Each structure stands twice: as structure tokens, then as C-alpha cells.
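S.K.: I need the structure of the sequence given here:
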Amino acid sequence: MASLGELERSVMEVLWNTDADLSANELRDALALRDDASGRAVATTTVLTVLSRLERKGFVSRTREQRPHRYRALLSREEHTAELMHEVLDRSSDRDAALARFVGTVSAGEAATLRRLLDELANH
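M.R.: Here you go, the predicted structure:
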């Protein structure tokens, strides 16, 4: 899975935070609201370029039946995060050590969640 640049992450955050398919103009407007404090305005053409890259990377799909085209996230934020975690583990020369190190840094609540999830997995 390809990593995301700053603007790509911002676009994905907008898509992940809505249930609706959005046009490039709607995404531009949503980005302007998010980044209002920075004073950076993003052009619609820039948003379209980012969406095209995200589509090639498999992050978004485009509805072509209507104009303007509408975009939606293909993976949830959680699915994307899980894919990133797998990527990191796959790059490790010692998966067990990497997992042990990770588990050693989680909070008590996170450890309880991991135990519960592993128990559920073992019971299926």
C-alpha cells in the first residue's frame, strides 16, 4: 500500500469523515474549512490531481455516471491503518520482536482490547 502525502491524507480525512460521495469542489470546500487557519487555499484542479493519484493507488473510487464525478473512500480509516501496520511488520527482519516491542508499549486498556480480540479470533 502506497503511503499518503500531506494533501492526500487531508483529502482522505474528509472522505473518511463523511458517508456521502463528494465532488472535487465539495472536497475543496471541506479542505478550506479544515485548513482555514493556515490560510492555504487549494484549487479544484489540485484536488482533482490528488483524487486521480488516490484512485490509482486504490484509495478512492470515482462515480463516472454523472457530472461532476463523485468520489468515495474504498477503505475505511481503520482498514488503512491495519494495512500500514502489516506493511511495517512485513518490513521487519524479526516480526516476533517487532510485535513484542509494540505490545510492550500499549496501555492497559489497549492490552485488554488486544486480549479480547485474540480470544475472539481463537474462538472462531
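
S.K.: which helix or strand in the protein has the lowest average pLDDT?
M.R.: Least confident helix or strand, the chain: helix 24-34 with a mean of 89, by mean pLDDT, DSSP states H and E.

S.K.: tell me what that one is packed against?
M.R.: Using 3 or more CB pairs under 8 Å, 6 or more residues apart in numbering; DSSP states H and E as the contact test, the elements touching helix 24-34 are helix 6-16, helix 44-57. Backbone N, C-alpha and C define where each C-beta goes, glycine included.

S.K.: so the closest residue to S61 other than its chain neighbours versus R56, what's the distance?
M.R.: Spatial nearest neighbour of S61, excluding adjacent residues (CB to CB, 6 or more residues apart in numbering): L74 at 5.5 Å. Plainly put, L74 is 12 Å away from R56 if you go by CB to CB, to the nearest Å.

S.K.: give me the more crowded residue out of the two.
M.R.: L74 (15 against 10; other CB atoms under 10 Å).

S.K.: correct me if wrong: the more buried one contacts K57.
M.R.: No - using CB atoms under 8 Å, L74 is not in contact with K57, being 9.7 Å away.

S.K.: got the contact list for the residue nearest to S61?
M.R.: G58, F59, V60, S61 (CB atoms under 8 Å, 6 or more residues apart in numbering).
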